[in-house]
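Undergrad: can't give you the sequence, but here's the structure:
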């Protein structure tokens, strides 16, 4: 058996407290391909917890049967800091309460320029040599990252586990949503089999969002180096963010379905021995992220949606309304939510009491929207 479970202790934030990250390792260290999966970086997004718990059980059985060929690392609970932010029974796990606050999945350390300085005199004509050279440099720069605070320690640990992987799969979810994903344009074809297996019909595609998110950070070094060395520098890592439907789409049945799909994908990538799965990716559609309409609440009130998730919509169509519960004239208290893109209504707020100006629904469109700014495509 190759299965190992490691606990990584984070710096203590306050006297008497300590948090840990648990990483499940399968296969021999350094074996290829290496795939890294994690869940719950936004600590209020929980479907991935149960999915990875189920996947780990399957991989333990595969390991006992001698079927692990590459290396797999799974961190099923990647943000114990956010999970500890329990406020009267509610876990606001998207933003950090300490360490300056901010979205847990934004502004991760960028190592591209530092790695380039280490390798720029050593790049060869052999791409495999270059990949190993860069991975060694990444490891060196990761060691130098600060870890004085709990958040710094968590980020450093997660990057150390993931940045030498061939693939990084970061599991998230939305408030209420269809299965969908955020994928770099360069990886559309590569990840189409995964999306087909997961049953995702919507994938948002972009070059760089400007968010410096976890999955983008894992490929940022390679993207930076490819602009300088072109064909001499292959993609040493590919990544995506997979959105497992909505916050409350949690059940043994869904976890089994998703974990089985991930297991088939690991077999497809030959990390696990087995018969190649049949993949139907005919329903997968990529939509430009700068064509995604963020439908905003025109007033504060109660949101009522008229369209179901997964339905096609047209620009100008009313997908719902906000009811102003403070209106003097209740007969004139509803304000329409109007789509600004032709596409698919794929995600919306779970909370129905909304504030004025909040983005409460998402429509995957097909044509660039003038009000969407490249490099600033995510709201916190």
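TA: Sure, I can see it. Predicted model, so just to flag it, every value in this text is computed and none were measured.

Undergrad: So what's the residue count around residue 337?
TA: Neighbour count of residue 337, defined by other CB atoms under 10 Å: 22. No exception for glycine: its C-beta is placed from N, CA and C like everyone else's.

Undergrad: Likewise for residue 158?
TA: Count around residue 158 with other CB under 10 Å applied: 25.

Undergrad: Contacts only, for it.
TA: Neighbouring residues of residue 158 by CB atoms under 8 Å, 6 or more residues apart in numbering: 21, 38, 41, 75, 78, 214.

Undergrad: Skipping its backbone neighbours, what lies nearest residue 120 in space?
TA: Spatial nearest neighbour of residue 120, excluding adjacent residues (CB to CB, 6 or more residues apart in numbering): residue 228 at 7.8 Å.

Undergrad: Sticking with the one you found, tell me its helix or strand.
TA: Element membership for residue 228 (DSSP states H and E) is helix 214-229.

Undergrad: For the chain, which segments count as helices?
TA: 47-64, 80-83, 112-119, 127-144, 150-162, 188-198, 214-229, 252-268 (DSSP state H).

Undergrad: Can I get these in TSV including distance to residue 345?
TA: Listed next are the helices of the chain as TSV, based on distance: least, CB to CB, whole Å:
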stretch	distance to residue 345
helix 47-64	20
helix 80-83	29
helix 112-119	36
helix 127-144	40
helix 150-162	33
helix 188-198	19
helix 214-229	24
helix 252-268	21
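
Undergrad: for the ones you listed, which one sits closest to residue 343?
TA: helix 188-198 (16.8 Å; CB to CB).

Undergrad: so the closest one versus helix 252-268, what angle?
TA: Inter-element angle recorded for helix 188-198 and helix 252-268: 140 degrees (by axes from the mean of the first three to the mean of the last three CA atoms, to 10 degrees).

Undergrad: excluding its backbone neighbours, what's nearest the residue nearest the centre of the chain?
TA: Centroid check for the chain by CA atoms, centre = their mean gives residue 241 as the closest residue, at 2.6 Å. Leaving aside its sequence neighbours, residue 241 sits nearest to residue 182 (CB to CB, 6+ apart; 4.3 Å).

Undergrad: Hmm, the one you found is touching residue 288, no?
TA: No: here residue 182 does not reach residue 288: they are 11.7 Å apart, not a contact under CB atoms under 8 Å.

Undergrad: For these two, indicate the residue with more neighbours.
TA: Taking neighbours as other CB under 10 Å, residue 182 and residue 288 compare with residue 182 leading, 24 against 20.

Undergrad: show me the contacts for that one.
TA: 203-204, 206, 209, 215, 240-241, 243, 289.

Undergrad: ok, back up a step: save the contacts of residue 158 as TSV, and put in distance to residue 299 too.
TA: Shown next, in TSV, are these (distance: CB to CB, whole Å):
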residue	distance to residue 299
21	42
38	38
41	32
75	41
78	37
214	35
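
Undergrad: out of those residues, which are inside strands?
TA: Counting by DSSP state E, those place 21, 38, 75 in strands.

Undergrad: Quick check: end-to-end length of stretch 270-288?
TA: Terminal residues of stretch 270-288 are spaced 30 Å apart (CA to CA, to the nearest Å).

Undergrad: still on that earlier bit, from the contacts of residue 158, pick the one nearest residue 156.
TA: The closest of the contacts of residue 158, once distances to residue 156 are taken by CB to CB, is residue 21, at 10.6 Å.

Undergrad: What is the burial count for the closest one?
TA: 22.

Undergrad: Residue 282: how many residues sit nearby?
TA: Residue 282: 8 neighbours (other CB under 10 Å).

Undergrad: nope, residue 18 is what I was after
TA: 12.

Undergrad: tilt between the helix holding residue 228 and helix 150-162?
TA: 60 degrees.

Undergrad: pLDDT on helix 214-229, on average?
TA: Across helix 214-229, the average pLDDT comes to 96.

Undergrad: what's the answer for stretch 62-69, then?
TA: 97.

Undergrad: Residues contacting it, please?
TA: Here stretch 62-69 has contacts from 1-3, 26-27, 31, 59, 263, 270-274, using CB under 8 Å, 6+ apart.

Undergrad: Span of that stretch from start to end?
TA: Note: stretch 62-69 ends 10 Å apart using CA to CA.

Undergrad: quick revisit: and of the contacts of residue 158, the nearest to residue 249?
TA: Among the contacts of residue 158, and counting by CB to CB, the member closest to residue 249 is residue 41, at 17.7 Å.

Undergrad: does the closest one really touch residue 105, like I thought?
TA: Yes: using CB under 8 Å, residue 41 makes contact with residue 105 at a distance of 5.3 Å.

Undergrad: Neighbour count: these two, which is higher?
TA: Remark: of residue 41 and residue 105, residue 41 carries more neighbours, 27 against 24, as counted by other CB under 10 Å.

Undergrad: Would you enumerate the residues in contact with that one?
TA: Here residue 41 is in contact with 78-79, 104-105, 158, 170, 172, 214 (criterion: CB under 8 Å, 6+ apart).
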